[in-house]
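A.B. asks: Sequence plus the predicted model coming up.
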Protein chains: 2
Amino acid sequence: MLFRQLFDDTSSTYTYLVADLVWHQAALIDPVREQAERDLALLDELGLNLAWVLETHVHADHITAAAHLREVTGAAVGYGVGSGVGCAERLFADGDEIEIGDERIRVLATPGHTDGCVSYLWRDRVFTGDALLIGSCGRTDFQEGDAGRLYESITDRLFTLPGETLVYPAHDYVGRRVSSIAQEQATNEFAGGDVDREAFIMALAGMKLEPPRLIDVAVSANRHCGRSGES
Amino acid sequence: MLFRQLFDDTSSTYTYLVADLVWHQAALIDPVREQAERDLALLDELGLNLAWVLETHVHADHITAAAHLREVTGAAVGYGVGSGVGCAERLFADGDEIEIGDERIRVLATPGHTDGCVSYLWRDRVFTGDALLIGSCGRTDFQEGDAGRLYESITDRLFTLPGETLVYPAHDYVGRRVSSIAQEQATNEFAGGDVDREAFIMALAGMKLEPPRLIDVAVSANRHCGRSGES
């Protein structure tokens, strides 16, 4: 197996490469349009065929490279079924499995930041998108944000994974790159400790963040797998 | 393979269990004497034979369970050659390999906190003891502490591992459980960014920590694999 964690400085987005080295098959999780050439060069350098582009959700802060990577490599694009996008080869339901050569990635529905948010569980690593961030979690004040559903996704689906499971989020803004379920259970500002559903909802209501700068253009483009200009 | 991260509240020490599930062989890294029964119960529950107790160094803040675990299980005890302990079955030199069933653990000499400090590299995980902590590093103001050597261990040996390599330290005092080489290169308070050797040495000289409460009894006992009372 092979694993790489890539970073887009502009949007502070992590993109993950997961590959099987027996069959030279790869998946990219949450690739960023402006970094598509970097990702293609890396696949080429490593001799990997891109089988899947896996989106954790319809991002509001950057445009996905999915459509471009699909055109160049023939990869299939997958989103969570709740995303409602029409451009994907497959819309994943909770529990679905994706094959990357001999590797298996399992889909966990983790809605709340958006309706269609999914996490991808591979071996002992979970790619949580914006559902669970390191020390934090996704905001729930736009798209289909629902703090109560996010609480359930985090506590019922993610925090029930083994404590050693490595948490790889879609973003970090201060240079952190990895956490674990046990670390988040203990230290997450919003979901850690003994916080209950009501306290979590209250805390998220108090986030008071500016809207993402690219929200209009990004959400629209990402509903088309990153093809901006389409309606 | 199997991996567990265990924690001793009293000394804030992480103990790691690494095992091969084909041969049911295991290693414990830095077990704590007061937690020996917990560790033995876990080995029993998982049906594992303890092949090795691997010490990252002669600890000053807790007493190792090595001698007790060796008596109960027949495990061998390993320390870095620079530790000078006489109680170990093997004193590891830089580059040595340890077999745990089909798993391989490689020894990296990472002196500076003490002369005999080693890190253990297993797959894409490195157990750094007190050489590299999450966001920090081991102090160098007692035993054979040498900040210049520690700088070289961190920058020349650990920071030359792939960025995705997971960093599992011997301690954390605020609930963090895992980091990566890339995260430490970017964010470590002492060794991150473009810090040079002189600045690192100056920063460590400014740590001004109290001596560990157990230093006299712990160092003495750990030189005998955790048998206190022996000279």
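C.D. replies: Thanks, I have it.
A.B. asks: okay, CA-based contacts and neighbour counts for the rest of this
C.D. replies: Noted.
A.B. asks: Can you point out the buried residues in whichever helix in chain A runs longest?
C.D. replies: Ranked by number of residues, the top helix in chain A under DSSP state H is helix A:36-46. Neighbour-count burial for helix A:36-46, with 16 or more other Cα atoms under 10 Å in any protein chain shown as criterion, is recorded at A:Ala36, A:Asp39, A:Leu40, A:Leu43.
A.B. asks: what helix or strand does the nearest residue to the third one once chain neighbours are set aside sit in?
C.D. replies: So the one you mean is A:Leu40. Leaving out its chain neighbours, the residue that sits closest to A:Leu40 by Cα to Cα, 6 or more residues apart in numbering or on different chains is A:Leu69, at 7.8 Å. According to DSSP states H and E, A:Leu69 maps onto helix A:66-73.
A.B. asks: Now do A:Asp216: how many residues are near it, please.
C.D. replies: Close neighbours of A:Asp216, defined as other Cα atoms under 10 Å in any protein chain shown, add up to 12.
A.B. asks: Nearest the middle, which residue of chain A would you pick?
C.D. replies: A:Gly129 (2.7 Å; Cα atoms, centre = their mean).
A.B. asks: Assess the claim that that residue and A:Leu54 are in contact.
C.D. replies: No - under the contact definition of Cα atoms under 8 Å, A:Gly129 does not touch A:Leu54, with a separation of 10.6 Å.
A.B. asks: so how far is the lowest-mean-pLDDT helix or strand in chain A from its chain's centroid?
C.D. replies: The least trusted helix or strand in chain A, going by mean pLDDT, DSSP states H and E, turns out to be helix A:215-222, with a mean of 93. Offset of helix A:215-222 from its chain centre (Cα atoms, centre = their mean, to the nearest Å): 16 Å.
A.B. asks: Tell me the buried residues in that helix?
C.D. replies: Within helix A:215-222, the residues scored as buried using 16+ other Cα under 10 Å are A:Ile215, A:Val217, A:Ala218, A:Val219, A:Ser220, A:Ala221, A:Asn222.
A.B. asks: do the same with stretch A:103-120
C.D. replies: By neighbour count, and taking 16+ other Cα under 10 Å as the criterion, the buried residues in stretch A:103-120 are A:103, A:105-120.
A.B. asks: so of the residues you listed, which ones are in strands?
C.D. replies: Per DSSP state E, strands hold the following members of the buried residues of stretch A:103-120: A:Glu103, A:Ile105, A:Arg106, A:Val107, A:Leu108, A:Ala109, A:Val118, A:Ser119, A:Tyr120.
A.B. asks: Which residue is the nearest non-sequential neighbour of the first one?
C.D. replies: So the one you mean is A:Glu103. With Cα to Cα, 6+ apart as the criterion, A:Glu103 has its nearest non-adjacent residue at 6.2 Å, and that residue is A:Asp20.
A.B. asks: cool, and the third one?
C.D. replies: For A:Arg106, the nearest residue in space outside its immediate sequence neighbours is A:Glu97; the separation is 4.5 Å by Cα to Cα, 6+ apart.
A.B. asks: Could you check how far the one you found is from chain B?
C.D. replies: 21 Å (Cα to the nearest Cα, to the nearest Å).
A.B. asks: ok, that residue - contacts?
C.D. replies: For A:Glu97, the residues meeting the contact criterion (Cα atoms under 8 Å, 6 or more residues apart in numbering or on different chains) are A:Arg104, A:Ile105, A:Arg106, A:Val107.
A.B. asks: these two touch, right, the last one and A:Gly116?
C.D. replies: Pointing back at A:Val107 there. No - distance between A:Val107 and A:Gly116: 11.6 Å, which falls outside the contact criterion (Cα under 8 Å).
A.B. asks: where does the closest residue to A:Leu214 other than its chain neighbours land in three-state SS?
C.D. replies: Spatial nearest neighbour of A:Leu214, excluding adjacent residues (Cα to Cα, 6+ apart): A:Asp61 at 5.4 Å. Here A:Asp61 is recorded as coil under DSSP: H, G, I helix; E, B strand; the rest coil.
A.B. asks: just A:Arg157 next, same as before
C.D. replies: When states are read from three-state DSSP, the local structure at A:Arg157 comes out as helix.
A.B. asks: One more: the one 4 residues further on?
C.D. replies: Reducing the assignment at A:Leu161 to three states with three-state DSSP gives coil.
A.B. asks: Next, count neighbours for it.
C.D. replies: 18.
A.B. asks: what's the answer for A:Asp172, then?
C.D. replies: A count of neighbours around A:Asp172, defined by other Cα under 10 Å, yields 20.
A.B. asks: Write out the residues of chain A neighbouring chain B.
C.D. replies: Residues of chain A that fall close to chain B, judged by Cα under 8 Å from any Cα of the partner chain: A:3-5, A:164, A:175-180, A:182-183, A:186-187.
A.B. asks: so where is chain A shaky, pLDDT-wise?
C.D. replies: Per-residue confidence of chain A (counting by pLDDT under 70) places the weak regions at A:228-231.
A.B. asks: Tell me where it has helices.
C.D. replies: Counting by DSSP H, chain A has these helices, from start to end: A:36-46, A:66-73, A:147-152, A:181-187, A:197-205, A:215-222.
A.B. asks: In JSON lines, list those helices along with distance to B:Gly226.
C.D. replies: Rendered in JSON lines, the data for the helices of chain A read as follows (distance: least, Cα to Cα, whole Å):
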{"stretch": "helix A:36-46", "distance to B:Gly226": "47"}
{"stretch": "helix A:66-73", "distance to B:Gly226": "56"}
{"stretch": "helix A:147-152", "distance to B:Gly226": "45"}
{"stretch": "helix A:181-187", "distance to B:Gly226": "29"}
{"stretch": "helix A:197-205", "distance to B:Gly226": "45"}
{"stretch": "helix A:215-222", "distance to B:Gly226": "59"}
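A.B. asks: Relative to B:Ser153, which of these is closest?
C.D. replies: helix A:181-187 (26.7 Å; Cα to Cα).
A.B. asks: before we move on, back to that, anything in contact with each of A:Gly129 and A:Leu54?
C.D. replies: Counting by Cα under 8 Å, 6+ apart, A:Gly129 and A:Leu54 have no shared contacts at all.
A.B. asks: Just name the closest of the buried residues of helix A:36-46 to A:Ala65, please.
C.D. replies: Each of those was scored against A:Ala65 by Cα to Cα, and A:Ala36 proved nearest at 5.9 Å.
A.B. asks: residues contacting the residue lying closest to the closest one once chain neighbours are set aside?
C.D. replies: Nearest-residue entry for A:Ala36: A:Ala65, 5.9 Å, with adjacent residues in sequence omitted and distances by Cα to Cα, 6+ apart. With contacts taken as Cα under 8 Å, 6+ apart, A:Ala65 has the following neighbours: A:Asp30, A:Pro31, A:Val32, A:Arg33, A:Glu34, A:Gln35, A:Ala36, A:Cys225, A:Gly226.
A.B. asks: how close does A:Ala65 get to A:Gly47?
C.D. replies: The span separating A:Ala65 from A:Gly47 equals 20 Å under the rule Cα to Cα, to the nearest Å.
A.B. asks: ok, now A:Ile98?
C.D. replies: For A:Ile98, the distance to A:Gly47 equals 21 Å [Cα to Cα].
A.B. asks: again, but for A:Ala109
C.D. replies: Looking at A:Ala109 against A:Gly47, where the rule is Cα to Cα, the gap reads 32 Å.
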